[in-house]
Each structure stands twice: as structure tokens, then as C-alpha cells.
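>>> Just need the structure, nothing else, for what follows:
(2 chains)
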Amino acid sequence: MANSARRDSPELPDFSLLKRLARDQLIYLLEQLPGKKDLFIEADLMSPLDRIANVSTLKQHEVDKLYKVEYKPVVSTSDQLCFLIRPRIQTVKWICDVANADKAAGKFRRYKIIFTPQKFYACEAVLEEQGMFGDVTTDEWAFYLLPLDDDIISLELPEFFRDNFLAGDQRWMRTAGSALHLLHSLYGPFSKVYGIGRYSKMAYESWREQVEQGEQRARQAEIGNVFLIDRDVDFVTPLCSQVVYEGLVDDIFRIKCGCVEFSPDVTASDKSVKVMLNSQDKVFNEIRNEHFSNVFGFLSQKARNLQTAYDKRRGMDIKQMKTFVSEELKGLKQEHRLLSLHIGASESIMKKKTKQDFQELLKTEHSLLEGFEIRECISYIEEHISRQVSMIESLRLLCLLSITENGELSFSYGVDHLLTFSNLRQLGLLVEQQPGETLTVMESRVGKLVNDKTAGKLTDAFSSLAKKSNFRALSRKLNLVPKSDEEYDLRVPRDMAYIFSGAYVPLSCKLIEQVLERDGWTGLEEVTRLLNGNEFAVTGQITSINGAKNDAQRIILVMFLGGCTFSEISALRFLGREKGYKFIVVTTAITNSSRLIESLLDNHV
Amino acid sequence: MLISKTTQCSYTPTVHRYQKEIQRQDVYHFNNMTKSKADEEDYWNSSKFKAFTFDDEDDELIRLKESRQAVNSIQRLVEEDDDEDDVEKVSWSGEPVGSISWSVKETAASNQRTDREPAFPKIPTDTPSLSKSQSGYSLSSLFKGKTKGGNFQSFTDTLSDSSIRLYAPELRKPKSEYKDYVSDWSPEETIQRLQQGKTAPLEKFRSLQDKLLLLDFAVSAHDGNVITAVLIYLKRTLSKEVLFRELESRQTALRHFIHYLTETKDQRLLLELLRALGRTEDVALLQYKEHLSIADENKRRDFLKSCLSLPFSAEDSAHVQDHYTLLERQIIIEATDRQAERGGKVEIFQKFPRRASILNMPLITTLYYCCFYHYSEPEGTYSSPLNIRQAFKISEKQYFVTALAARAKLKAWLDVDALFTSRNWLGFTRKKSPLSFQRVVDVLQKNSAPTQVLQDYVGLVEDPDMRISLAQKHKCHDIVINTYRDMKDRQQLLGYRGKVGRGSAEERKIDELLNNQQIRWKN
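Down below sits the predicted model:
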């Protein structure tokens, strides 16, 4: 598949510039703090920071010791403390506690908070209230965008989803606009912007204002078109089990910031290994977008080839051997290492998935998507709950059921199925796990699902997120579920449905395809009505220098507000190959069904 | 009760363990519950998924294993001349050496080390001081935080808080910059400045009208950071009554305010707000949520009891009642069982020691626990499974799954048997199950039930094809033979003859059937 790319496919812009800018700005900020200092880093900033700088970069700028922010008293002996954090009230409060404790102990230190990607007034208000404004100075590190791969850029803001869609707090809208503005200044000017969703509109507005306030140099555009999409336009896709390799690896091992930790059972050794998963990994690059069923064949072919390449050594004379060692061996060893890791991962996936009756699960999901045998689906979900397999998984299925059926359960399936749902309750309120992991679903939004009147509550809860999902109607209109009587050869995918075993074309990606094809929303009026509107398509004044303009027009930046899945990225890569586009995915964070559900739980004090 | 002496199993500590337990035992077969095997096959054939199955015995896995072997065999070759140069250096924790995550862990570890040796003064161990790299200097001095173009330099001209001012030449001045020198900003301009991260005094907006104008501009700017900034100002300068009243008609601002109060943990004001808005159910839930911060189980129970009178919705109220009742019960069970365990006289606690307390465990876990330790207790006790089932209105199926899992784990086959046996009005016994017998077999088999036990349940599997395949798998010859006989399938029976022992009773039985003239074979 990787080889079938159209020859005229445009080249992707070089996003390593983004990393360099972020690193240089961080260095600049550190230089503003002369002298030795200890640096406290917020836990979820450590991996992003690792991608752009390393310890020696920090040490070169007089960072002495590094600590993780852990909300505990600090042990540092340094007289300068620097905190690199997200703009969160809780963290700022902790820093104030640290400073106040020092004050009480008569210890004098200097404190500096570097907020990234921006500071919030609410955080400064905390400093003020705690009497620390001025004693603790603040700065901003505009680290908006982290390139995770050639075609994936992440804002690394998973909380964007919950803050916006659940709490209705628009604090990140400016951030999204600024991120877009940064891309526009470096790789624009954009000529067209399409979008759908409330927050997409806001992000667009914020970006537009920033463009107006600044000045745009005339430069040759590298990215021509932009598509903005809110996560709540399509909740179905991220709730489905992923079966494309990269997505599956994310579902099972959790890819964090482009990196996965393979446990000893994968590495077949006594330690776990962290592996970067991106296009640099040649083995991974060839299988990442493949349906899992194709992966084995590929890996065994690869293993055989490798064997042959090693076997070449036999019968070589010294000179040949020397050439072999200097030219080929390194590459082979690298490939060997990667190959055994991915084989190990595939084995582990197979083991886990057979244990969990993955087949049944997929079948249920497909039935839900098709709107077929819903009764059976409901009893499957019920069983799933009574076996207490996994609460997240049960909730995921419930949400999928709710969205695909649009909450019509109580009417269609009668009172006996309301009783069915009383079981859900037992997973809910009365599920109290270990301290700290307490799950009292009462106060969680999703928890409302787990209820006697689940059918009704289910819609209440999710409709506040999904509004009216209208999935069934959308599915018919956009032909999202291919006819099931046709054979689907997963080895030769014919459309984006291959990422879900041929059972479903992801709604989000289908919208993108349609809008690009039509150059706007014309003809999709019924679809946008079903999606609650908020669609837009705007053309800017072309300030681009002519030339390779056509190439830029075929480079499309898709920004997901609220997260996107690896499956969606695979689908877009497929679409790009089919149509001669190149997609760049910008997302507030990489998500999947577990992250989505977990972000809605409210199980802490 | 029948408990095999050789088993090594015990009550496991966490919910997860329980869940796993149940999960492992009850491999669930969807199709058998709802439709026949034939239907299922129909489905798979007719649809597009057959190209791919996650099946244990799949060829693919075997291929994969072969690949693994191939790759492993190469290992030797690789190691011969491995110079390690392309292998990332990784610390014990798997972090690449030199990465920031690795370094943070190192710091934590070294701190622990110094903590443990306070007796001696610390000898300054100068790590070789790294001189600033020239490249670092030159890069950043060129850079001055401004590479982004446009108006990203917002914080450079913040007046109030930056003790460190940037004096780098402005690369581009925003058009609105001239305004910086005027301080009489309109509400709209104020909001714009705040959006750009600049300071703007809010104190001059003193009339309610101005304050609300400020808020409305902030909302229409769609910048949550600014909306919250204005709300913080309004909170300081307006009475609660007025603020709440005005927020009621401004939903976006209201949601921001609620979120702000939640994040700052201003529970008191949040409760007042919700009350003022008449959202009594939210008030109740918020109060109830406080139980999470109470660690002591008795205090927690008392707190829950005090929650019972809160104005919950009907369903929520039932939940809270259940929550309270469950904890109350768990406290009693825990006290008794802990004592029994310590006393060392109750056999089951000796044989299968508890590894964790039952306090605060979910309802189903509690039921499992009681099915495990208190199965045969009279219905009147708090720890009796039947009592729990009744008190919490647990469905028949849920009760079954849980009891079966617990008793099978203990290999108490007689209990298992009794679980399914019911008597009709004539006094005949028959086996009934709310879950498919196929699944029952599965649970039993995973707990190493002997063939005699399995056989009973395999025979009860309704779908003949499924019954035969299970019977073959578990070597229940009689069932296979009888099923073929009932299906009048002579060919299959003939085929099966080759699979049973020569001269065995099974073989004789098959021969008898094959010679039986009265059977009208279909083939």
C-alpha cells in the first residue's frame, strides 16, 4: 500500500522547524533566569519536552536538577526554582504552597513559572490571592505544536476535549487560533478554510483576528487548504474498536506522544522497551495503516527477506564481508530489531484479543453501526456488564448504542429492556474501587448512563455532548455502511471503510472527502442540518506567490478540535493516496475510545 | 460442600482481580444465546468480515510464530558482531539515557539516596560544569522569542508582572499597538487587549451596565480565558445575589463560572450558586460527592446516611440509599470476617486467606465475596448471598453468573449442580439456567471440572451442532453418539466410530445403533 502512492503526490512541508522554534524559545526563556536553577516539569509535559530537547540542552542553560511536579513538598536546595507547567489552577496553588512554606521557614528563593502554551488570568488570580504575585514571576512558552510525525502535529492538550465539550469552558479557543496562526505564518498563506462545528468556527475567528492584527508577508504557500472539525461532529468513529495496526497498538499499549512502551512479554526479554513509532521506523511505516489481518503476512515476508539478506554473508570473501559490514549490516540489524518488536507486539495483540472475545465485540459494534439486530447487541452489552469485564468498555458500548440508536431504545425495545439496564447501575454508583480510583458514577456525566432509566438518561447525558446524533440518517445519506452482501477484500481496500474491516466509513473523514470534492458544502445541506449546522467554507485573498501553487492546493491541513484517532489518520492517508492529496493532521491530542470515556469520568474528589 | 484439596486459589484483593476472575471463567458466546450456530455462520459468510478472524488456532498466529522463530534464529548472527552502535542506550526503566523523563527519575532516585544518609555532611560533588554552548547562545540571541511573526509577543508588553522585560527590537508591530499608550479603553478594547494577553485595568468598570458589557464582549469574543478573567473581577465587585441573577440569563458565562468554582474548589459558593439557580439535584449530587474525601468507613457511612434526605431525583435517591446500605453491610461483614480469619478456626479463611478488605468494593464484588465465603449461610444473615440478592434486587442472571463463578472457583460442583436444579410440581428435577449452557460449560471447563460434571451441562446445550462440537472437545462420547442418533446422521456416526477407542463401550454402542433397523437414517 505504501508503494501505491500517486507519483505526483505533493511533498509535505518540513515541520521540524516547529521543534526548533519551540526549543529556541525555551532556551531563550531559560537564559532570562541566569544562574543555577532546578526545573520542575509538569508530568504530562515531560514527553513533549523530550521530543524537542534533551537534558544536555537544559544543563547547558544552567538547569541543575530536574523534577516532576508531584504536588508534594519540594526537596530542592537550589535558590532558584523554575516551574514548567500547563496553566492549571491546581499546579499554581501548589507552587504558592511551596513558596509560602519557604517564606515561613525563612528560606529565600526565586520562583519562576513558565506556562505553556499560554498563561490564564485565572492562574494569575491564584498568585494574587495567595499573596505571591510578584514573588513568583511568570512567563509564557508558546509551545503550541509538537510534530509527532511527518504528517501529524499535536497540541498535546487532551483536556481540550473535556473543558470544551463537557464543561463548556472555551479557554483553549485562543490557543487553537494561535496554533493555526503559527502554521499560517510559517506554511501559509492558506487559500481556503472549510470547517464544521461550534469550536471550529471560534478557532477560525480567533485565527482570522490574529491574522488581521498581524502582518502577512507574501510568501509561497506550502499548505493551501484547511479543514477544521469538532470532535462532537462525529463521536461514533472514536468509540469504535480500532483494527488498523497503529490504532490497535494505541488501543492496547497506549501510544504516548508518538512513543510506546512495549512490556517484557512483547520484547521477549526481561525489560520493557520504549519505541518511537513514526515513519522513521521502516517496518512500522509499512504496516501502520494496514488492517491487522494483513500485518502477519507482511511481517513473515519481511522476516524471510531478512534471513536471506543475512545469509548472503555465507561464502563472502574478506573484502565482500567488509563492504557488507560497513554498508548493509547496520541497516539489517536495525530492521531486525524493529521486526522482532513488531512481531512481538502482534503476538501480544493476538493473545489479548482472543482472550477478550474480540470477534464478538467487533460483531456487536458492526451490528450497531448497521442498525441491525439491536436486541442482540443490547443483550451482548448486558452480558458484558454482568461479567464486569471492563467498565470503560461497557460504557463505550453503551455510548455507541446510544449514539447510533439516537436514544430511541425505550420506545423500540420495551420495558423488559429497561430492566436490562438496571444491571448497569451496579457498575455505576456502587462501583467503588480502590481509594483514589473510586468510581462513583453518580456525579459523572457518563455515570448517568448507568442507571435504571438508562435509555432516557443515556440520551440526556450524551446528547449534551452529541446533541441529536442522527447517526442513522447520516449513515444513509453519506453511505457510511457499505452493503453487507458484498465481499470486502481487506488486502486491496477500495474505500476508507477498510479501517473498520469494511464495515463503516468514518463519518469525520467522509465529510472531509465530500467537502473537498465539492469544494464546499453545496449539496450537503441535509447532512449539515443533521449535524446541527455550523459549517463554513471561506476563501481568502490569495497572497501567495504563484508558482508551485497547485502543489500547495493539494496539501490539506485537517485540524481536529477535541482529538482524533489513529484510524482516522490512516483513513485520511488512504484518501490522500486515492485522490492525490497529502493530509496533515493537526489535533488537540491523539484520542481513542478509552481516553474519550476516561476523560468523562468524574471519579476523584 | 465439595472442595478439592489440591486447588490453590484464594480471594484476590482488588476489584480488577475479581473482574478478571469472572472474565476468565465466563468466556461469553454471543451467538448461542441469541441465535444458532447456523445463523452465525450465515452471518459471517454473508458479510465482509470473514477475511479476518481473531481466532486462537488461526493459521495467522502460527505464521507469526514462525516469523518469530525465524527472527530469533537471526539473533545469534546479529550478536556475533554487534557493536551496539545503533542500539539506543536505555536505562533500567526503559527510558533512553539522556531523555528528560529519565533524568527526572534519576533526580528522584538520588534524592531518596541522600534522604537515607543524613549522618554525614554532604560532600559537594561537582558535576563537571557544562559551559554554555556557543550555538545555544547564538541561536537564542538571534531569536528573542519572536520567530512566530504576527502578534505573538503579547507578554513582552505586559506591564504589571514581568520583572524581566524583553528589550529586543519588535519585528512587527500590530496595527493596534498605538493604543497601548492610551489607557482609556472601552469595554470592547479592553477585551481585545485581554485576548492578546496584555493587561488592561478592569477597575474602572464600576457600573453594573459596564460590567455586563464587559462580560458580554468577552463572551462574544469566544475566549474562555478572558471570560473567566472578567468573571473573577465580577465576583470580587458584585454581590452574590446580583452576580447570580445576571449569570442566569448568560449560559456561556455561567458555565465558565461553574467550571472556575469547581477548579478553585470553592464548594461553598458553588452550592450557593446552584441553589440560587434552583438546581437542587445538582446541589444534592455535589454534597454527596464529598463522601469521596472521607477515608474512615464509619464516618463515610454516617455521611452517606445524612445524604439520604437530600433532594435527589428518584433514581439517584435509590442509588444513594443502596450505597449507604451496602457500606453499612460491608462494615459488619468485614468486622466479623476479620475476626474469623484471625481466630483461625474457620476453615475457608485458612484455606483461602483474604487478601484485602471488602470495604468499599462494588456490589457485584461483594456478592462474589459472599458466594465465596458465605455461600450456605441462612438467608437471614447480612453476608448471605441470597440476602444480598434480595436487598439489592440483583437480577437472576447476574446472580447466576456471580455465584457460578465463585462456586466453580472453589470446585464446589455440588453447589453448581444445585444452582441449576429446580423441581416442578410433580417433584421431578430438571436443570434450568438463565444463561446459555454453552457458557456454563465454558466456566466449568476453565475451572477444570471433571468430565462427569461437564457432561451433564454439555448435554443441555440446545443447539445440536454446538453440542456436538463441545462434546467432542471435552470427550463426552455418549453425547456425541446420542446427538448423531437423534439427527439420524449415519455418516457422521460412522465417522465418529474411528475416533473412539477400539473395543470400547462407545464403539459397541455405535455398532448397535448402526445395526438398528428401526432407525430411519437420513443418509
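
>>> Residue A:291: what's it in contact with?
A:243-245, A:490, A:493, A:498-499, A:501, B:52 (C-beta atoms under 8 Å, 6 or more residues apart in numbering or on different chains). The way it works is simple: take the backbone N, C-alpha and C, and place the C-beta from them, glycine included.

>>> hmm, try it at 6 Å
A:490, A:498 (C-beta atoms under 6 Å, 6 or more residues apart in numbering or on different chains).

>>> got it, and residue A:272?
A:261-264, B:94.

>>> While we're on the closest residue to residue A:515 other than its chain neighbours, how confident is the model there?
In space, and not counting its chain neighbours, residue A:515 is closest to residue A:194: 5.1 Å by C-beta to C-beta, 6 or more residues apart in numbering or on different chains. Looking at residue A:194, its pLDDT reads 93.

>>> Residue A:108 now?
On the pLDDT scale, residue A:108 gets 88.

>>> counting contacts, what elements does the helix or strand containing residue A:19 pack onto?
Applying DSSP states H and E as the criterion places residue A:19 in helix A:16-31. Judged by 3 or more C-beta pairs under 6 Å, 6 or more residues apart in numbering or on different chains; DSSP states H and E, the packing partners of helix A:16-31 are helix A:43-52, helix B:134-143.

>>> For burial, what's the neighbour tally of residue A:101?
Other residues near residue A:101 number 12, with proximity taken as other C-beta atoms under 10 Å in any protein chain shown.

>>> and if you look at residue A:594?
Residues lying near residue A:594 (other C-beta under 10 Å) number 17.

>>> mind exporting the helix or strand that contains it as PDB, just the C-alpha atoms?
Assigned by DSSP H and E, residue A:594 falls within helix A:593-598. Provided in PDB are the C-alpha atoms of helix A:593-598 (Å, rounded to 0.1, in the frame of the first residue of the first chain):
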ATOM      1  CA  SER A 593     -12.300   5.200  22.900                       C
ATOM      2  CA  SER A 594     -10.700   4.600  26.300                       C
ATOM      3  CA  ARG A 595      -9.300   8.100  26.500                       C
ATOM      4  CA  LEU A 596     -12.600   9.500  25.400                       C
ATOM      5  CA  ILE A 597     -14.600   7.700  28.100                       C
ATOM      6  CA  GLU A 598     -12.000   8.200  30.800                       C
END
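
>>> Now that helix: average pLDDT?
Helix A:593-598 comes out with an average pLDDT of 86.

>>> quick one: buried residues of that helix?
Buried residues in helix A:593-598, counted by 16 or more other C-beta atoms under 10 Å in any protein chain shown: A:593-597.

>>> Nearest residue to residue A:275 in space, please, no chain neighbours.
residue A:260 (5.6 Å).

>>> and that neighbour, how far is that from chain B?
Residue A:260 sits 11 Å away from chain B when distances are taken as C-beta to the nearest C-beta, to the nearest Å.

>>> right, and that residue touches residue A:254 too?
No: using C-beta atoms under 6 Å as the test, residue A:260 is too far from residue A:254 to be in contact (7.2 Å).

>>> between those two, who's got more neighbours?
Neighbour tally, residue A:260 and residue A:254, criterion other C-beta under 10 Å: the higher count belongs to residue A:260, 23 against 13.

>>> Count the neighbours of residue 316 for me.
If you meant another chain, say so; for now it's chain A. 13.

>>> um, chain B though
Residue B:316: 21 neighbours (other C-beta under 10 Å).

>>> tell me the contacts of it?
So residue B:316 contacts nothing (C-beta under 6 Å, 6+ apart).

>>> Give me the average confidence score over the strand or helix carrying it.
For residue B:316, the enclosing helix or strand under DSSP H and E is helix B:314-343. Averaged across helix B:314-343, pLDDT comes to 86.

>>> Stretch A:345-352 now?
What stretch A:345-352 shows for mean pLDDT is 84.

>>> for chain B, which spans come out with low pLDDT?
B:1-66, B:70-183, B:422-429 (pLDDT under 70).

>>> So which residues of it form strands?
All strands of chain B, identified by DSSP state E, fall at B:421-423, B:429-431.

>>> So which residues of the stretch 301-450 of chain A form helices?
A:318-323, A:330-355, A:358-370, A:374-386, A:391-405, A:409-427 (DSSP state H, counting those that start in this stretch).

>>> Among those, show the one with the smallest mean pLDDT.
For these, where the average pLDDT is lowest is helix A:409-427, sitting at a mean of 33.

>>> Rebuild the helices of the stretch 301-450 of chain A as TSV, extending it with mean neighbour count and distance to residue A:178.
Listed next are the helices of the stretch 301-450 of chain A as TSV, based on neighbours: other C-beta atoms under 10 Å in any protein chain shown; distance: least, C-beta to C-beta, whole Å:
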stretch	mean neighbour count	distance to residue A:178
helix A:318-323	11	52
helix A:330-355	20	37
helix A:358-370	22	37
helix A:374-386	22	42
helix A:391-405	24	32
helix A:409-427	17	41
